[in-house]
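Q: Predicted model, plus sequence, below.
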Amino acid sequence: MPVSLSDLEQALRDAIPISHLEIIDQSSGCGENYAVFIVSEAFEGKMTLARHRMINELLKDQIAQMHAFSQKTLTPKQYAAQLEKEKQTSE
């Protein structure tokens, strides 16, 4: 059974505080390949691997139904720095 974008979003928002979330269905709408970009204060003090393990655990039921899943996780401070860097390179 395919996973819907709204199911992923709801599962994430119910589990952790999210300040920015992007979910991209990379499977042309069939719901078997998603990429997520999550910004959350819940990632403070955690290394990338620990963040990814946290998300994998939160979404284990959904991920089990997918062919592929990728994620990028940042803290709000890291996201602000990324936005500033992008702004400077575009000027």
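A: Good, I have the coordinates.

Q: what about A50, helix or strand, and which?
A: helix 48-58 (DSSP states H and E).

Q: Contacts for that helix, please.
A: A11, L12, A15, I16, V36, I38, A42, F43, K46, I63, Q71, T73 (Cβ atoms under 8 Å, 6 or more residues apart in numbering). No exception for glycine: its C-beta is placed from N, CA and C like everyone else's.

Q: Next secondary structure after it?
A: Sequence-wise, the next helix or strand downstream of helix 48-58 (DSSP H and E) is helix 60-63.

Q: Remind me what that next one packs against, helices and strands.
A: Counting contacts by 3 or more Cβ pairs under 8 Å, 6 or more residues apart in numbering; DSSP states H and E, helix 60-63 packs against helix 5-15.

Q: Give the next helix or strand downstream of the helix it packs on.
A: strand 20-25.

Q: If you go by neighbour count, which of the contacts of helix 48-58 are buried?
A: Restricting the contacts of helix 48-58 to buried positions leaves A11, L12, V36, I38, A42, F43, I63, Q71, T73, with burial counted as 16 or more other Cβ atoms under 10 Å.

Q: can you tell me which helix in the chain is longest?
A: helix 76-90 (DSSP state H).

Q: just checking, what packs against that helix?
A: Contact partners of helix 76-90 among helices and strands, from 3+ Cβ pairs under 8 Å, 6+ apart: strand 33-39.

Q: Looking at the contacts of helix 48-58, spot the one nearest P2.
A: I63 (12.8 Å; Cβ to Cβ).

Q: quick one: contacts for the nearest residue to the closest one once chain neighbours are set aside?
A: Sequence neighbours aside, F69 is the residue nearest to I63 in space, at 5.1 Å (criterion: Cβ to Cβ, 6 or more residues apart in numbering). F69 is in contact with N33, Y34, A35, V36, L59, I63, counting by Cβ under 8 Å, 6+ apart.
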